[in-house]
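1. Give the three-dimensional model of this entry:
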Amino acid sequence: MVFKRMLGAFGVGGPSVDTVLTNPNTRPGLPLQGQINLAGGSHDVHIEHLTVSLVTRIEVEGGDAEYDAMVEFLRVGVGGPLHLAAGQQVSVPFQVLMPWETPVTDLNGQRLHGMTMGLRTEVAVSGAIDKGDLDPVYVYPLPVQERIMEAFGRLGFQFKGADLERGQLYGVPQTLPFYQEIEFFGPPQYHGIAEAELTFVATPHGVEVILEFDKRSGMFGGGSHDAISRYTVGHAEADTVDWVARVDGWVRQAVDRHQAALAAFGGNPYGAPAGYGPPGYPHAGGYPPAYGHGGHYEEHHDRGSGMGGVVAGAVGGAALGFAGGMLIDEVFDGDDESAEADGDDE
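-> All right, here's what the predicted structure looks like:
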């Protein structure tokens, strides 16, 4: 690959940079490796530091409007200071450990529609900073995440899209300032479920699975009443569980639980007494603001956790069998800096 981009912040005759990833396909918890190739320009420069960062696009709610924003969620210094002579070529290797909570962007070689992620390279020379390179990164699910997503597909849920929401989830060991929602259309056999939203929050020991089911008219009563459940599963369970049966049980539990709750409260989801909701959340209705309003939340802890096989195996996985399939989304489509970088390729 030729040197990709002249560092415009340093003027005519300045250095150029190209970041090359050893393998842009990765998983949460795995290292992302590569090297930064620098080529000196027409004069010597002193590079103060080299930094790489993971960036993605999230949805932000502001007042009555929603908008997309680019966010940097991991930043790592990888080199410098160093002297770069005119015409000199230098390669700086680096390794970045992907956070366990890194959202999934790809499955079976296909981009989850709505997801974008890249690695940005920053070069600082004599107080001037140039964000020189932006390279796409493809994050595949951990084995247990992949099995759960496959199970939704095999149960007839149709993939709708995925996005990142700014905020913190109640009672979840979340460290990133956003969380991912993977959305499905509900299949006909689960009467009344219009859509399902799946959220993963992974740790070295396991994965928190948060499920939200949106009603069809009349399913969970009047108003905007959704069913939310949380489960904890271990990495070692990936290949030891019938995930189709497990996920089917989760869905049916949500349906049965909310039908029973509505019956107990005369069909009024807002008539529940204090404590109807997560432990320690005493408000009437018991629904944490991070999840919305008027719903029901229940926590479950499935069988134990473990690290066995958590990062083993090739990136990819079995076919989902989604009725609608998944759509390809361009990496940082419309991002000005990405477009500029691409436009300077030879």
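2. Now do the SS call for the closest residue to residue 154 other than its chain neighbours.
-> Nearest in space to residue 154, with sequence neighbours left out and distances taken as C-beta to C-beta, 6 or more residues apart in numbering, is residue 244 at 5.3 Å. Bear in mind the C-beta positions are built from the backbone N, C-alpha and C, glycine included. With DSSP: H, G, I helix; E, B strand; the rest coil as the basis, residue 244 sits in helix.
3. burial measure for residue 244, as a count.
-> Other residues near residue 244 come to 16 when the count uses other C-beta atoms under 10 Å.
4. got it, and residue 124?
-> Residues near residue 124, counting by other C-beta under 10 Å, number 17.
5. what about the residue nearest to it when sequence neighbours are not counted, distance to residue 90?
-> With C-beta to C-beta, 6+ apart as the criterion, residue 124 has its nearest non-adjacent residue at 4.3 Å, and that residue is residue 48. Counting by C-beta to C-beta, to the nearest Å, the gap between residue 48 and residue 90 amounts to 14 Å.
6. Counting neighbours, go ahead and name the busier of these two.
-> Each of residue 48 and residue 90 has its neighbours counted (other C-beta under 10 Å); residue 90 has more, 18 against 15.
7. The more buried one pairs with what?
-> Residue 90 has these beta-bridge partners by DSSP bridges: residue 38.
8. ok, it - contacts?
-> Taking C-beta atoms under 8 Å, 6 or more residues apart in numbering, we find residue 90 in contact with 37-38, 40, 82, 84.
9. and those, which are buried?
-> Buried residues within the contacts of residue 90, defined by neighbour count using 16 or more other C-beta atoms under 10 Å: 37-38, 40, 84.
10. any chance of those in a markdown table, plus pLDDT and distance to residue 231?
-> Shown next, in a markdown table, are the buried ones among the contacts of residue 90 (pLDDT from 0 to 100; distance: C-beta to C-beta, whole Å):
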| residue | pLDDT | distance to residue 231 |
| --- | --- | --- |
| 37 | 94 | 45 |
| 38 | 94 | 47 |
| 40 | 92 | 55 |
| 84 | 94 | 52 |
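11. if we take these, which one ends up nearest to residue 164?
-> residue 37 (30.7 Å; C-beta to C-beta).
12. okay, now the nearest residue to the closest one once chain neighbours are set aside: neighbour count?
-> Once flanking residues are discounted, residue 37 sits nearest to residue 18: 4.6 Å by C-beta to C-beta, 6+ apart. Residues contacting residue 18 under the criterion other C-beta under 10 Å number 21.
13. Residue 18 and residue 89 touch, don't they?
-> No. Counting by C-beta atoms under 8 Å, residue 18 stays clear of residue 89, with 10.4 Å between them.
14. any common contacting residues for those two?
-> With C-beta under 8 Å, 6+ apart, residue 18 and residue 89 have common neighbours residue 37.
15. which SS state does residue 260 fall under?
-> Residue 260 ends up helix, using three-state DSSP.
16. any idea which helix or strand carries residue 176?
-> Using DSSP states H and E, residue 176 is not contained in any helix or strand.
17. Enumerate every residue touching it.
-> Here residue 176 is in contact with 73, 99, 101 (C-beta under 8 Å, 6+ apart).
18. Please report the distance of it from residue 55.
-> Applying C-beta to C-beta, the value for residue 176 to residue 55 is 13 Å.
19. what is in contact with the two at once?
-> Common neighbours of residue 176 and residue 55, counting by C-beta under 8 Å, 6+ apart, are residue 73.
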